[in-house]
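Student: Attaching a predicted model along with its sequence, questions to come.
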Amino acid sequence: MTHAGPAVTGALACALAFAVASPAARAQDSAALLAEGQALYETNCAICHQSTGAGRPPTFPDLRGNDNLSDPYLVVSKISQGLGNMPPFPTLSAADITAIATYVGTAWGNSYGGPTEEEVAAILAEFPPAEASRSIWDGVFTAAQAERGAQVYRAPCGLCHGTRLNGAPDDNDMVPGPALARQGFLRAWDGRSLGMLYTYTMSTMPQSNPGFLPPEDYAAIIAHMLAVSGASPGSEELPADPWELGHIRIGPEP
């Protein structure tokens, strides 16, 4: 019994110390989560919704004061599975989606907060598991598909992005668009997926009539972009499927 008092005192001291430290620790964890969420948002979301969250309505909704962000199931399912102009991000983990959802739910004056990682994991468990991710350097398109994409590319894309995909029009007065191949393109899209590129392209290109081409033509144009960037063809065509394309990463050659 003579040792019980000091033991209890020590336990209480530890508990009190934890209670005093935990608010600061929680604040530090929260700041780290928001920083991670912002970094992931800039890589995966800002190209459509902008860094300000303003989006480009109606194609890409404004996230500022958007009440849809109060529904954790809607937020998580749309990030993971995609919907409409929203590409799927099947390779993002529960921790990644938690960070993005928390950042979006608290940035730009929003007060929706975000789900816990456990809640996100429970929602993700309802959907098919993600496949192993691949790279654009893994032979993800065929030579014939890339050649077909080169033919399709000329009229709707070449005027603004150049016949050599360098973003410089050859002989016209059109405003040049960004480069669609080689190192500049690979750097701009580094870390993103072909699913994101495919959905974004269909939703916005060509500017005069977005989405007018058949889905297979958009996939063929992307195959052409990859071929011009130096990626080698394989035995299977690039699918016109955002979910499957979401598993293929863009980046410089390893």
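Tutor: Nice, I can see it. Since this is a predicted model, take the numbers as computed values, not measurements.

Student: make it CA atoms for all contacts and neighbour counts henceforth
Tutor: Noted.

Student: where does the stretch 1-150 of the chain have low pLDDT?
Tutor: Low-confidence segments of the stretch 1-150 of the chain (pLDDT under 70): 1-26.

Student: mind listing the strands for it?
Tutor: Remark: strands assigned in the stretch 1-150 of the chain by DSSP state E, counting those that start in this stretch are 134-135.

Student: ranges for the helices of it?
Tutor: Taking DSSP state H, counting those that start in this stretch, the helices of the stretch 1-150 of the chain run over residues 4-44, 46-49, 72-81, 94-106, 117-124, 143-161.

Student: so the fourth one versus helix 72-81, what angle?
Tutor: Yep, that's helix 94-106 we're talking about. 120 degrees (axes from the mean of the first three to the mean of the last three C-alpha atoms, to 10 degrees).

Student: Please render the helices of the stretch 1-150 of the chain as CSV that adds distance to A179 and mean neighbour count to the earlier fields.
Tutor: Formatted as CSV, the helices of the stretch 1-150 of the chain follow (distance: least, C-alpha to C-alpha, whole Å; neighbours: other C-alpha atoms under 10 Å):
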stretch, distance to A179, mean neighbour count
helix 4-44, 18, 14
helix 46-49, 15, 19
helix 72-81, 27, 19
helix 94-106, 28, 24
helix 117-124, 36, 17
helix 143-161, 6, 19
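
Student: can I get those helices in CSV with distance to P215?
Tutor: Listed next are these as CSV, based on distance: least, C-alpha to C-alpha, whole Å:
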stretch, distance to P215
helix 4-44, 22
helix 46-49, 20
helix 72-81, 18
helix 94-106, 28
helix 117-124, 27
helix 143-161, 12
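
Student: list the contacts for A220?
Tutor: 145-146, 148-150, 152, 238 (C-alpha atoms under 8 Å, 6 or more residues apart in numbering).

Student: nearest to G105, of the residues you listed?
Tutor: L238 (34.7 Å; C-alpha to C-alpha).

Student: and the gap between that closest one and E126?
Tutor: Separation of L238 from E126 (C-alpha to C-alpha, to the nearest Å) stands at 27 Å.

Student: what's the neighbour count on F127?
Tutor: Close neighbours of F127, defined as other C-alpha atoms under 10 Å, add up to 12.

Student: Same check on G177?
Tutor: Neighbours of G177 (other C-alpha under 10 Å): 17.

Student: right, and it touches T163 too?
Tutor: No. Using C-alpha atoms under 8 Å, G177 is not in contact with T163, being 11.7 Å away.

Student: Do I have it right that L63 meets Q50?
Tutor: No. In terms of C-alpha under 8 Å, L63 does not count as a neighbour of Q50; the distance is 9.5 Å.

Student: more neighbours, the two?
Tutor: The neighbour count for L63 versus Q50, taken as other C-alpha under 10 Å, is higher for L63 (20 against 16).

Student: What sits closest to that one if chain neighbours are left out?
Tutor: In space, L63 comes closest to G53 once its chain neighbours are excluded; the distance is 5.1 Å by C-alpha to C-alpha, 6 or more residues apart in numbering.

Student: For the one you found, give its distance to V104.
Tutor: Distance from G53 to V104, by C-alpha to C-alpha: 8 Å.

Student: And for A143?
Tutor: 41 Å.

Student: I'd guessed L194 sits against I250; true?
Tutor: Yes. Counting by C-alpha under 8 Å, L194 touches I250, with 6.6 Å between them.

Student: Show the contacting residues for L197.
Tutor: By C-alpha under 8 Å, 6+ apart, L197 has no neighbours at all.

Student: how about it, secondary structure?
Tutor: Secondary structure for L197, judged by DSSP: H, G, I helix; E, B strand; the rest coil, is helix.
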